[in-house]
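# Kindly generate the corresponding structure for this input.
(chains A and B)
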Protein chains: 2
Amino acid sequence: MSTAISPLAPKTYPDLPPIDGVRLATAAAGIRYKDRTDVLYAAFDRGAAVAGVFTRSKCPSAPVDWCRKNLPFGSARALVVNSGNANAFTGMKGRQAVETTAALAARVAGCGPENVYLASTGVIGEPLDASKFEGVLADCEAKANGFAWMAAAKAIMTTDTFPKLATRTARLGDVEVRINGIAKGAGMIAPDMATMLAFVFTDAPIGARALQPLLAAGADKSFNCVTVDGDTSTSDTLLAFATGGAAMIGAPIIDAPDDKRLAPFRRALEDLLIDLAQQVARDGEGARKFVTVEVTGAVSARSARRVAMSIANSPLVKTAIAGEDANWGRVVMAVGKAGEPAERDKLAIFFGDIRVAVDGERDPAYDEATTSAYMKRDEITIRVDLGLGRGKARVWTCDLTKAYVEINGDYRS
Amino acid sequence: MSTAISPLAPKTYPDLPPIDGVRLATAAAGIRYKDRTDVLYAAFDRGAAVAGVFTRSKCPSAPVDWCRKNLPFGSARALVVNSGNANAFTGMKGRQAVETTAALAARVAGCGPENVYLASTGVIGEPLDASKFEGVLADCEAKANGFAWMAAAKAIMTTDTFPKLATRTARLGDVEVRINGIAKGAGMIAPDMATMLAFVFTDAPIGARALQPLLAAGADKSFNCVTVDGDTSTSDTLLAFATGGAAMIGAPIIDAPDDKRLAPFRRALEDLLIDLAQQVARDGEGARKFVTVEVTGAVSARSARRVAMSIANSPLVKTAIAGEDANWGRVVMAVGKAGEPAERDKLAIFFGDIRVAVDGERDPAYDEATTSAYMKRDEITIRVDLGLGRGKARVWTCDLTKAYVEINGDYRS
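Next up is the predicted model:
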């Protein structure tokens, strides 16, 4: 397995500030990996409103089932995440492992198990030995602090080559609130909840009733616009925790989804989620190019999105980009196979600002040298105008390289 | 580009007999390749009933448009196929190239242009210079004979590593009729008309009205069950030509689709199409394993097929097979993402005869060594029983190797 950091990794990592009401710790429980942390423990000492968006897989992991069941309670006191084992397709043993883990965390956090949120990432189908958490969670509780963001982002990594962090601030009433986020994900990344795991923490006093639609809308514009390989994980989990700590410095307590004062927070949250989602695409397994696919002129936004995903998921488009080949014919193919309204003779295709095809054929001004030079960049934008309507969409992906095959040919063994 | 023959290629090629009323010739027109043939010319001197199934792409190639337009005429006198250039997304120039080619072929064959069928495969978006056909078609007509099947199969290859041929016989009335087929296709292979090009020739006196539904039904059980990369070509074309030559030895002339005497022919045609379709999967770009995916216990055949295709198109499943990794967790993932009715705890998964998972978890009798030994085979069967109903489906694919990425990263350049 390649251990080199993706060439598309950010040059610097943001420094995440503490969030009032959030303490973090990590540990090495030896679940699968040696010589690295594989457990993240987060404590919300005064509780946190919680919202969640999960995989649409029909075969979800045991932790996803657990979170879904408890989400209506709407209040979190602890979060436990492990890497190395997804606890997915583990049957009754998986449910027992989830219950054991929640009970252990509840004991150290001093809450009920229904206030513990869980996520697991790693191999599917191997039973997860929950006894491994026994020693480490009490240690974590003892040492948890407001500063361990980088450690947290690292503990949840699997095939990721770099930790993924983002932070934003937003006005809420007259006060500035903070939003921190971490994510992991590099493969098995597809439209329906693109990252395997992402966690957002804020001190904003926003109730679960308002937080849930904010998070769902944000996921739609961010993680649901990223695809690495079109494969949807059994474990995709995006959770947001709002501690309300900022109420003590005067932030208004908001529980109504349509409260006008949420607008700046909504924008900041969306921006943070897009940042994290793009980091996931930049760390796509084997990725050497970050690719933005924009579709305009579709009959609807939904249609534009399907065409964009058809392009972004096409192995032939993605291998061409890996080969720095301006093969716009494959973009035509991917438009054609999407099954959405398209008229060959109205199509225009751009690589960056270069129009390569128009009116159903190669642009008369097409210049191979200019286009080839563009394809050598790290960041490529493919734009397709369907010329039919006003629907548009934008999605992010990466190229498909030999390294993807290498990483996934021996991930498990 | 790799030039080694696929390890999954047939050990021997069948020897195709002449078909009364079909003459074949090939030529090197220098369309794109050097030092190889790239044109196939077939003449049907007494005419042939013709049936066709084409790509569902919304951006079909100019030859596909041409064949679709002429199919209602129902009578072919010539077929011209070229490799090296797909004449797809070539706008007005593409339509002109098609008209020029048909006119040239019509002149040498002594028929109207509407009796000429055309197919092109190769690069998309490059104008096809139809003047290249000018000299070669007259030569082809002069030398065409009933024996050039191997040459025909070779002339239509692009990234194929071996020529694809099949032959069958069937009783029609009291007479034995012959069916020959050739195909090409190695990438851009997906559910909707999997092979780029396939041509079937028979001396059976079956009219177009009966031939079309026979061909469509056969395609559904063969080419539409093959996927290499989920990408659908702009040029997929399956044409069948029935010369009726066997009428002279006493075969009945049949024009009604529901004629009972067609049953043996239907079975032989379907068998031949499956043979050709499997050859396409065996020559999937970079393929090292031939994979059969069987789904049983689905709520319907349609649902079973979608689940099977979700497995067969999953890059993570395909890379695991390339890595000889019995990663059935990824099969669970692919079942889950298909969006079809599935219950995790009723799933059973088999690799060959080895049951690896049952009742939503790893089979208690699972043995890694046995399963790993199975994964080293050239031919792998993945079977999933959903445990819900009686719907079943079977599709064929291949593994996803580094060679696929290599071939497609520099196909065009």
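
# Packing partners of the lengthiest strand in chain A?
For chain A, the longest strand by residue count, based on DSSP state E, is strand A:39-54. Packing partners of strand A:39-54 (3 or more CB pairs under 8 Å, 6 or more residues apart in numbering or on different chains; DSSP states H and E): strand A:23-27, helix A:62-70, strand A:75-85, helix A:132-143, helix A:149-155, strand A:197-202, helix A:208-221, strand A:237-242. Where you see a C-beta, it was placed from the backbone N, CA and C, and this is true even at glycine.

# Counting by contacts, list what the fifth one packs against.
Read it as helix A:149-155. strand A:23-27, strand A:39-54, strand A:164-172, strand A:175-184.

# The longest one: which residues count as buried?
Buried residues in strand A:39-54, counting neighbours by 16 or more other CB atoms under 10 Å in any protein chain shown, are found at A:39-45, A:47-54.

# Could you point out which of those is nearest to chain B?
A:Phe54 (12.0 Å; CB to the nearest CB).

# gap between the residue lying closest to that closest one once chain neighbours are set aside and chain B?
Sequence neighbours aside, A:Val64 is the residue nearest to A:Phe54 in space, at 5.1 Å (criterion: CB to CB, 6 or more residues apart in numbering or on different chains). The gap separating A:Val64 from chain B is 11 Å, by CB to the nearest CB, to the nearest Å.

# cool, and A:Arg171?
39 Å.

# Need the nearest residue in space to that residue, chain neighbours excluded.
A:Pro264 (4.6 Å).

# and what of A:Val177?
Nearest to A:Val177 is A:Ala204, by CB to CB, 6+ apart, at 4.1 Å.

# Equivalent analysis for A:Ala216, please.
Nearest non-adjacent residue to A:Ala216 (CB to CB, 6+ apart): A:Val53, at 5.6 Å.

# Mind listing the residues bridging to the one you found?
A:Leu238 (DSSP bridges).

# Going by distance to B:Thr397, which of the buried residues of strand A:39-54 wins?
A:Phe54 (29.3 Å; CB to CB).

# how about the residue sitting furthest away from the middle of chain A, secondary structure?
Ranked by distance from the centre of chain A (CA atoms, centre = their mean), the top residue is A:Pro364, with 40.6 Å. Under the three-state scheme (DSSP: H, G, I helix; E, B strand; the rest coil), A:Pro364 adopts coil.

# What helices and strands are in contact with the one helix or strand in chain A whose mean pLDDT sits lowest?
When the helices and strands of chain A are scored by mean pLDDT, DSSP states H and E, helix A:402-409 comes last with a mean of 76. The contact analysis (3+ CB pairs under 8 Å, 6+ apart) places helix A:402-409 against helix B:315-322, helix B:402-409.

# Can I get the last one in CSV, CA atoms only?
Output of helix B:402-409 as CSV, limited to C-alpha atoms (Å, rounded to 0.1, in the frame of the first residue of the first chain):
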residue,chain,number,x,y,z
LYS,B,402,-3.4,-1.8,-13.6
ALA,B,403,-3.2,-2.8,-17.2
TYR,B,404,-6.8,-1.3,-17.7
VAL,B,405,-5.5,2.0,-16.4
GLU,B,406,-2.4,1.8,-18.5
ILE,B,407,-4.3,0.9,-21.7
ASN,B,408,-6.8,3.7,-21.2
GLY,B,409,-4.4,6.3,-20.0
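
# What angle do helix A:315-322 and that helix make with each other?
Counting by axes from the mean of the first three to the mean of the last three CA atoms, to 10 degrees, helix B:402-409 lies at 70 degrees to helix A:315-322.

# Please report how far A:Ile254 lies from chain B.
A:Ile254 is 35 Å from chain B, by CB to the nearest CB.

# thinking that residue is in contact with A:Ala208, fair?
No - with contact defined as CB atoms under 8 Å, A:Ile254 does not reach A:Ala208; the gap is 11.3 Å.

# Relative to the whole chain's centre, how far out is stretch A:391-399?
15 Å (CA atoms, centre = their mean, to the nearest Å).

# swap in stretch A:300-308?
Using CA atoms, centre = their mean, the offset of stretch A:300-308 from its chain centre is 21 Å.

# Now do stretch A:181-198: distance from first to last residue.
Stretch A:181-198 stretches 7 Å from its first residue to its last (CA to CA, to the nearest Å).
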